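*Asks:* with the sequence up front, the predicted model follows.
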Amino acid sequence: ACWTATETLHLLEYLIAHHAEGGDGMGFKQATFTSASIHLQDLPPLDGTLKENHCKKKYAAIIDIKSQSGFSWDDILGANISPADASHWSAFTKMHPDAKLFHNKGQEHFHEMDELM
C-alpha cells in the first residue's frame, strides 16, 4: 500500500504515543501495528515488519548522510546534491545504497522517526 505523507505522519504519531511498546530501537511487535491499524481505521492495512524495516533503513540512510562530511541535510530537499557534488555522491551511494533515495528528496517526517529511534 502507498501512504500519503499525512497518513504516514498519523502512524508515526501513534507509534510515538506507544513508544514504550517498541523498546529500544523501535522493535514494535505485530500487535502494535494491528492496534495502529484499528486506530487509523481508514488507512491501508499495516504489515508491521515491512513498514518497520523500511523505516529503519530510511532512518539509517539519513543518519549516514548527516554524518558524512561535505553533505548537508534538508527534510524537504534531502542531501540536495548539485552537479558539482555528483561524483562525491556517487562514491558515497556505492557504500550506502539506501541513501540514493535522498539525492534531492528529503524525509519530511525525519524528526518523528528520530524520536522513535
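*Replies:* Nice, thanks for sending it over.

*Asks:* pLDDT on the helix ranked longest in the chain, on average?
*Replies:* What stands out as the longest helix in the chain, according to DSSP state H, is helix 48-67. Regarding helix 48-67, the rounded mean pLDDT is 78.

*Asks:* which parts of this structure are strands?
*Replies:* With DSSP state E, there are no strands along the chain.

*Asks:* remind me which residues of it are low pLDDT?
*Replies:* 1-3, 24-26, 42-52 (pLDDT under 70).

*Asks:* ok, back up a step: what's in contact with the longest helix of the chain?
*Replies:* For helix 48-67, contacts defined as C-beta atoms under 8 Å, 6 or more residues apart in numbering pick out 11, 25-30, 32-34, 71, 73, 78-79, 92, 96, 98-99, 101-102, 107, 110, 113-114, 116-117. For glycine as for every other residue, the C-beta is placed from the backbone atoms N, C-alpha and C.

*Asks:* can you give me the offset of that helix from its chain's centre?
*Replies:* 5 Å (C-alpha atoms, centre = their mean, to the nearest Å).
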